[in-house]
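[1] Take a look and give me a structure for this.
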Amino acid sequence: MTDQNIPGLRWGILATGGIAHAFASDLRTAGRDLVAVGSRSAGGAERFAEEFGIPRAHASYEDLVADPDVDIVYVSTPHPFHADNAILALEAGKHVLVEKPFTLNQAEAERVRDVAAAQGLLAMEAMWTRYLPHMVRIRELVAEGALGEIRSLFADHTQRISTDPRHRLNALELGGGALLDLGIYPISFTWDILGAPQTIAAAAHMAETGADADVATVFTHASGAVSTSVSGSRAAGPNTAHIVGTEARIDIDRVWYTPTSFRLIGPDGTVREDFVSDIEGRGMQFQALAAERLVAEGNLAGDILPIHETVAIMGTLDEIRRQIGLVYPGGR
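    So this is what the prediction gives:
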């Protein structure tokens, strides 16, 4: 787990939507140094700054990234703007933590990676689930061989959100659809536990706007394991996840991608470990602490979610999109 006593960075937040509010709250919970916010409007920046006690409110993203007191920028704009906003910050000399999905496609992810490398800066995807305590423990159990040979993995991320065509999740021009907003969680989880898929099969039900409302995937992996996922925005499912091995399985309770509990269960049904998360806040602070640690260590490639893996995961999402016929404006 990351050490809260590592040398800190001075954070700036780019955009002021709902996810930015959650992140700012958890930065405050963890006692991190949140010094600036940038919005497309002075009023939006000022309201956000007042809510979280932030010293400086900038009326543009350009002013935010030019702020000499900002070391790292959290990019929380809609998906289609992630790449350009991240590159704006990187070219101003700032590290970036970019909301997931990292970009809209793999080509954009490669651009961000390459600019970060050229600038000697950290570019990290804000896949906050990977940094949560229960996921850290699950990776330890897998590494220890507690599950034996992993044969299968299942995860779902299904919510009843909105059928309104104007809603962000249904708007193609905003990168809407279940896959990039919800499916990124189980897809990244699958990569985390089983690595790259060898084969990818996907099917989807499309919404009236052309965005994907429901997506199912089946992957095979080099180990011989299979993984499946279901993501959807029109109906609420169990939102649980399971890793099944020859010697034990892990059942992760709902909501599996947030701080929660899990059990390590033997083939005879005996519970060998019962893990319960006990944290302050929503849990988004752990990815911030990890980013600060990586910068302090000079490890700009990353570790729990290295940049090369983020780029490759975007390639997996591209292939799923190709199979289900999901194309964003401009052919992106």
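[2] what's the neighbour count on the nearest residue to Leu27 once chain neighbours are set aside?
    Of all residues not flanking Leu27 in the chain, Leu34 sits nearest, at 4.9 Å (C-beta to C-beta, 6 or more residues apart in numbering). Any C-beta I mention is one placed from the backbone N, CA and C, and that applies to glycine too. Using other C-beta atoms under 10 Å, Leu34 is surrounded by 23 other residues.
[3] Could you check how far Leu34 is from Arg47?
    15 Å (C-beta to C-beta, to the nearest Å).
[4] Checking the residue nearest to Leu27 next. Helix, strand or coil?
    Per DSSP: H, G, I helix; E, B strand; the rest coil, the local secondary structure of Leu34 is strand.
[5] so what's it up against?
    Leu34 makes contact with 11, 13, 24, 27-28, 52, 54 under the criterion C-beta atoms under 8 Å, 6 or more residues apart in numbering.
[6] Repeat that for Ala30.
    Ala30 makes contacts with 4, 280-281, 285, 288-289, as judged by C-beta under 8 Å, 6+ apart.
[7] try 10 Å
    Contacts for Ala30 (C-beta atoms under 10 Å, 6 or more residues apart in numbering) come out as 2, 4, 8, 279-281, 284-286, 288-289, 292.
[8] what residues are up against Ala57?
    Going by C-beta under 10 Å, 6+ apart, the list of residues near Ala57 reads 16, 36-39, 42-50, 63-64.
[9] Quick check: PyMOL command selecting the buried ones in those residues.
    Paste this into PyMOL to select the buried members of the contacts of Ala57, with burial taken from 16 or more other C-beta atoms under 10 Å:
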select buried, resi 16+36+37+38+39+44+45+46+48+49+64
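[10] Of the contacts of Ala57, just say which sits nearest to Thr316.
    Closest approach to Thr316 among those (C-beta to C-beta): Thr16, at 30.6 Å.
[11] Spatially nearest residue to that closest one, not counting backbone neighbours?
    Thr16's closest residue in space is Phe48 (C-beta to C-beta, 6+ apart), at 4.3 Å.
[12] Report the secondary structure element holding that neighbour.
    Following DSSP states H and E, one finds Phe48 within helix 42-52.
[13] From the contact counts, what lies against that helix?
    With contacts taken as 3 or more C-beta pairs under 10 Å, 6 or more residues apart in numbering; DSSP states H and E, helix 42-52 sits against strand 10-14, helix 18-29, strand 33-38, strand 56-58.
[14] So which residues of the protein form strands?
    Here the chain has its strands, by DSSP state E, at 10-14, 33-38, 56-58, 72-75, 95-99, 123-126, 150-158, 197-206, 212-221, 226-232, 241-245, 249-252, 261-265, 271-276.
[15] Now those strands in CSV, please, with extra columns for mean pLDDT.
    Conversion of those to CSV gives the following (pLDDT from 0 to 100):
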stretch, mean pLDDT
strand 10-14, 98
strand 33-38, 98
strand 56-58, 98
strand 72-75, 98
strand 95-99, 98
strand 123-126, 98
strand 150-158, 98
strand 197-206, 98
strand 212-221, 98
strand 226-232, 98
strand 241-245, 98
strand 249-252, 98
strand 261-265, 98
strand 271-276, 98
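[16] returning to what we had before: from the contacts of Ala30, which ones fall inside helices?
    Among those, DSSP state H puts 285-286, 288-289, 292 in helices.
[17] pLDDT wise, what is the closest residue to Ser231 other than its chain neighbours at?
    Nearest residue to Ser231, sequence neighbours excluded (C-beta to C-beta, 6+ apart): Gly183, at 3.6 Å. We have a pLDDT of 98 for Gly183.
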